[in-house]
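Participant: Just need the structure, nothing else, for what follows:
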Amino acid sequence: MQNTTTNNGGKICEPYSKYGWCEKSDHCEQSHNIDLILDEELRSQRNKKSKLLVNQLLEIQQQQQQQQSAINQEDSNIVNDLDNDNIDDDENDHDHDQQINNIQCETKEEPPLHRKIGLHHAGNDAFMTGYYFLFNLIANHKSVANIKEFRKLNELSRFRNKIFLSSKPRPLNVMKSAYVKCSKGHNEKLSKIKMKYNLIQK
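Facilitator: Got it, this is the predicted structure:
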């Protein structure tokens, strides 16, 4: 499936929604609007939660019906036992009502519904991480006019090709493999990026 239709009738780019990247880039006819993607994701989660809630309520209702059947059977057994034992009417009514009240109190306790709280979106997290990194880097230094000046910042070399992982003392180094060659498609895309931002070394 290549796209998802929103409530407004627009189509969301499925690759961009899942991975935050689309090979068609600006030429893609489908929406790359992050707000629409997040709204659609929230709507999908609400639908899943609604279905889960309905199933849980049906299960609870079924359990209550089974418990009520057990209560009715127990009430019938109690009445039969009281008739057979010829117990005094006053004591009979009191004990019978007490047992019914105890059983009904137990049936009122319903199992708690499990709720999943929280939302994670890889594309949004990656964007905010990059934004915070750049903002913090530039805020503590002079403003840069273009990407060439930005690349000259001394602090940038400390973070180049490194991915900082949670609970790890050292970052993961991103290096070119000595065993695997880059694909033709990768080389073409990298060349386009370098030409677009004038990054070709002379």
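Participant: Nearest residue to E23 in space, please, no chain neighbours.
Facilitator: Excluding its sequence neighbours, the residue lying closest to E23 (C-beta to C-beta, 6 or more residues apart in numbering) is P15, at 7.2 Å. To be clear about C-beta, it is placed using only N, CA and C from the backbone, and glycine gets the same treatment.
Participant: cool, I193 as well?
Facilitator: Nearest to I193 is L199, by C-beta to C-beta, 6+ apart, at 7.2 Å.
Participant: so how far is S25 from the residue nearest to E23?
Facilitator: Taking C-beta to C-beta, to the nearest Å as the measure, P15 falls 11 Å from S25.
Participant: Got phi/psi on the closest residue in space to F159 that isn't next to it in sequence?
Facilitator: Spatially, and ignoring its direct neighbours in sequence, F159 is nearest to F133 (7.6 Å; C-beta to C-beta, 6+ apart). The phi and psi torsions at F133 (degrees, to the nearest 10) take the values phi -60, psi -50.
Participant: quick one: F133 and K196, what's the gap?
Facilitator: 22 Å.
Participant: now do S44
Facilitator: 35 Å.
Participant: Between the two, which is the more surrounded one?
Facilitator: S44 (11 against 8; other C-beta atoms under 10 Å).
Participant: which element is the more buried one on?
Facilitator: For S44, the element it lies in under DSSP states H and E is helix 34-85.
Participant: Which secondary structure elements does that helix sit against?
Facilitator: strand 11-13, helix 14-19, helix 89-108, helix 122-139 (3 or more C-beta pairs under 8 Å, 6 or more residues apart in numbering; DSSP states H and E).
Participant: Comparing these by mean pLDDT, which bottoms out?
Facilitator: Of all those, the segment with the smallest mean pLDDT is helix 89-108, scoring a mean of 59.
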